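Chemist: A structural model of the following input is requested.
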Amino acid sequence: MTLIDLVSDSPFRAGAAGAALMLALVWLVSVRIKDASIVDMFWGLGFAVIAAICLLVTENLAPLTAATLWLVILWGVRLFVHLGTRWRREGEEDYRYQKMRAYHGAKFWWRSLFTVFILQGVLMWLVAMPYMAAAYFGGIVALPGVTVIGLIIALAGLIMETLSDRQLTQFRANAQPGELLDSGWWARTRHPNYFADAMFWWGIYIAVVAATPEAIWTIFAPIIMSYLLMNVSGAKMLERRLIKKPGYADYMARTNRFVPRIFGNKK
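Modeler: Below you'll find the model as predicted:
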């Protein structure tokens, strides 16, 4: 068996190889342009690449399982386009990576391979585990009705994330100094895009387990993603900066942090 056969024989190995190759190339580009923040746009695309590889290396896929993979591809490509557009518009390295670059100094170019790119690659592979497992086990869908429900939840999360991102983009394009976005989805939760992201991955997990009960052990994947969104690179980190803005403390007092409030805002 050749190395190519060994890798392509398993969605887990093939997905890891595809993500590793993509991130290695992106790292080389980041070193060349001195901007590690380009990794952010490839976060979503990496999941799409893994899903596409699963479609290519798996022969025994049920239509609903294939639909799950295609939905991940749609989610990943949309996020890639959104973050890529924002990166081009901002025109400079994100402040998080600027701080890391200042801390590591001249060694950042090679340390970023480990602290940024390999770390994100490992997290990406872990979060992608449910749909890689679905591709690995294949076969007939066990509970098609519940699988459809999971896909509907994931699609609703994708739509909510798209609309809230669009609203934020439009607000930033026209906002005056000191203004806060507190309308639309942003009146229901302070981080509708992050909540919708978590919703998407829980929907994918439900769809996968309903189709392939053998993949139930991959529940750590949506837990990891939810934790990242709430406590690491998402809401918590962002609010450490936003709390300094005038009026943001009041916005926090009347608006839920993560889960949207259904029946209006707090008074």
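Chemist: which non-adjacent residue is nearest the most centrally placed residue in the chain?
Modeler: Nearest to the centroid of the C-alpha atoms of the chain, with distances taken as C-alpha atoms, centre = their mean, sits G44, at 5.2 Å. Once flanking residues are discounted, G44 sits nearest to L79: 2.9 Å by C-beta to C-beta, 6 or more residues apart in numbering. For glycine as for every other residue, the C-beta is placed from the backbone atoms N, C-alpha and C.
Chemist: next one: L238
Modeler: Computed as C-beta to C-beta, 6+ apart, the closest residue to L238 that is not its neighbour in sequence is H191, at 7.4 Å.
Chemist: so for the longest helix seen in the chain, what's the average pLDDT?
Modeler: Ranked by residue count under DSSP state H, the longest helix found in the chain is helix 144-174. Averaged over helix 144-174, pLDDT sits at 96.
Chemist: how about stretch 210-228?
Modeler: Mean pLDDT, stretch 210-228: 97.
Chemist: what stretches of this protein score poorly on pLDDT?
Modeler: Scanning the chain for pLDDT under 70 picks out the ranges 1-8, 263-267.
Chemist: helices of that one, start to end?
Modeler: Per DSSP H, the chain carries helices over the ranges 3-8, 11-33, 39-57, 63-90, 95-104, 108-112, 119-127, 129-137, 144-174, 192-211, 220-227, 235-242, 248-254.
Chemist: mind listing what G234 touches?
Modeler: Residues near G234 by C-beta atoms under 8 Å, 6 or more residues apart in numbering: 191, 194, 228.
Chemist: now tabulate those in a markdown table and tack on neighbour count and distance to V26.
Modeler: Shown next, in a markdown table, are those (neighbours: other C-beta atoms under 10 Å; distance: C-beta to C-beta, whole Å):
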| residue | neighbour count | distance to V26 |
| --- | --- | --- |
| H191 | 25 | 26 |
| Y194 | 23 | 23 |
| L228 | 17 | 19 |
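Chemist: please report the distance of the nearest residue to A175 once chain neighbours are set aside from R188.
Modeler: Nearest non-adjacent residue to A175, counting by C-beta to C-beta, 6+ apart: L181, 7.5 Å away. Going from L181 to R188 by C-beta to C-beta, to the nearest Å gives 12 Å.
Chemist: go on, L143?
Modeler: According to C-beta to C-beta, L143 stands 31 Å off from R188.
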